[in-house]
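A.B. asks: With the input below, show me the fold.
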Amino acid sequence: MEDLSLLGRDGRQLVTSSGVRHFNDESNPHYRDLAAFEFTKPCQEYPDLKERFFDFREVPPAALNTDIICAVVAGFPSKD
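C.D. replies: Predicted coordinates:
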């Protein structure tokens with residue numbers, strides 16, 4: 001996960017995330033079911049990266065998981 005980065009639009013910059021949060025499976029420490037990477041600070045420095053992210057301006061209201069009607073997830077499958 002330390003190697004995750006975004007390539008700038010012009011292909012000249014490689015920007016790494018400034019943090020990560022993920023779910024740990026105690027029975028398999030190499031398994032990652034869901035990981036969220038922090039790119040707020042890099043996007044402030046390289047504004048062209050902002051077009052790759054949703055613009056969240058407010059913290060969503062607290063809701064029970066039975067009240068959530070959808071979720072947006074992006075990524076790619078791998079053998080790992």
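
A.B. asks: Quick check: phi and psi at Thr40.
C.D. replies: Backbone geometry at Thr40, expressed as degrees, to the nearest 10, gives phi -60, psi -50.

A.B. asks: Show me where the chain has its strands.
C.D. replies: Under the criterion DSSP state E, the chain contains strands at 5-7, 14-16, 19-22, 35-38.

A.B. asks: send the alpha carbons of the third one over as CSV?
C.D. replies: What that stands for is strand 19-22. Taking C-alpha atoms only, strand 19-22 is exported to CSV below (Å, rounded to 0.1, in the frame of the first residue of the first chain):
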residue,chain,number,x,y,z
GLY,A,19,-2.5,8.4,4.4
VAL,A,20,-4.6,5.3,4.3
ARG,A,21,-7.4,3.7,6.4
HIS,A,22,-8.2,0.0,5.9
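
A.B. asks: pLDDT weak spots in this structure?
C.D. replies: 1-2, 29-33, 68, 70-80 (pLDDT under 70).
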